[in-house]
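Asker: give me coordinates for this.
(2 chains)
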Amino acid sequence: DAKTTQPPSMDCAEGRAANLPCNHSTISGNEYVYWYRQIHSQGPQYIIHGLKNNETNEMASLIITEDRKSSTLILPHATLRDTAVYYCIVKGTTGNQFYFGTGTSLTVIP
Amino acid sequence: NAGVTQTPKFQVLKTGQSMTLQCAQDMNHEYMSWYRQDPGMGLRLIHYSVGAGITDQGEVPNGYNVSRSTTEDFPLRLLSAAPSQTSVYFCASSYGTTRRPAPTNEKLFFGSGTQLSVL
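Answerer: Sure thing, here's the model as predicted:
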């Protein structure tokens, strides 16, 4: 599976959009981009995934560049409860495992 | 729905003791896995299973054993605990397997974790 690179930490003002970048320059054609987040010491929670089209759900939006070498997770109106570590993972669909890196620690500031 | 249930939530062991961390899911998921998380680090995969009777090693399998006798349960055994195994352990499951590959089926559901200290 392709490796990912994320900034170790970011801040965002409450109510503003939080844009979390992820580089995955070695991604292959059948690999998806997944995002999870981990609030404090809880188990990680699935947020969203995508292949090459932009995706949106009730939690966030995922923007994937045309060459698929990077992506951005967007939390449109960050709240204090969005303070968490966000993990970007690239994974194929079969026979492969989810490998979590160290992620981006997002702090939403009042 | 219970989802993924881990027991115990906290455990203190002495070096050399053995114990089993329990994980059960009620979602009929075929895929189950164990991760450990150390301070300041991401999650590292210990072992995983793609169905009853099938297990395989992840990134950091040494010192841990697993078995999968039923679809619901995936216990993690520490045969001789060491201080290096002090960590938070998470169990996760998903619907996806090689028999029904689909990205939506790959979503992992995590338990609430077991905090283990080995003295």
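Asker: and chain A, which residues reach chain B?
Answerer: Contact residues, chain A versus chain B (Cβ under 8 Å from any Cβ of the partner chain): A:32, A:34, A:36, A:41-46, A:49, A:51, A:87, A:91, A:93-95, A:97-103. Placement of C-beta: from N, CA and C, glycine included.
Asker: ChimeraX command for the buried members of the residues you listed?
Answerer: Listed next is the ChimeraX selection for buried residues among the residues of chain A next to chain B, using 16 or more other Cβ atoms under 10 Å in any protein chain shown:
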select /A:32,34,36,43,44,45,46,49,87,91,93,97,98,99,100,101,103
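Asker: show me what contacts B:Leu11?
Answerer: Quick fix: residue B:11 is Gln, not Leu. Neighbour list for B:Gln11: B:Met19, B:Leu21, B:Thr114, B:Gln115, B:Leu116, B:Ser117 [criterion: Cβ atoms under 8 Å, 6 or more residues apart in numbering or on different chains].
Asker: tell me which residues in the helix or strand where the fourth one lies are buried?
Answerer: In this case it means B:Gln115. Per DSSP states H and E, B:Gln115 falls inside strand B:114-118. Under the neighbour-count criterion of 16+ other Cβ under 10 Å, strand B:114-118 has B:Thr114, B:Leu116, B:Val118 buried.
Asker: and it, which strands flank it?
Answerer: strand B:10-13 (parallel), strand B:87-94 (antiparallel) (DSSP bridges).
Asker: shaky segments in the chain?
Answerer: Chain wasn't specified; assuming chain A. A:1-2, A:93-96 (pLDDT under 70).
Asker: sorry, I should have been clearer: chain B.
Answerer: For chain B, the ranges with pLDDT under 70 are B:1, B:97-105.
Asker: residues in it within reach of chain A, list them.
Answerer: For chain B, the residues in contact with chain A (Cβ under 8 Å from any Cβ) are B:4, B:33, B:35, B:40-45, B:48, B:58-59, B:88, B:90, B:92, B:96, B:98, B:101-104, B:106-113.
Asker: can you select the buried ones among those residues for me in PyMOL?
Answerer: Paste this into PyMOL to select the buried members of those, with burial taken from 16+ other Cβ under 10 Å:
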select buried, chain B and resi 4+33+35+42+43+44+45+48+58+88+90+92+96+103+106+107+108+109+110+111+113
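Asker: show me the contacts for the residue of chain A found nearest chain B.
Answerer: Of all residues in chain A, the one sitting closest to chain B is A:Gly43 (2.8 Å; Cβ to the nearest Cβ). If you count contacts by Cβ under 8 Å, 6+ apart, A:Gly43 has them with B:Val4, B:Phe90, B:Ala92, B:Phe110, B:Gly111, B:Ser112, B:Gly113.
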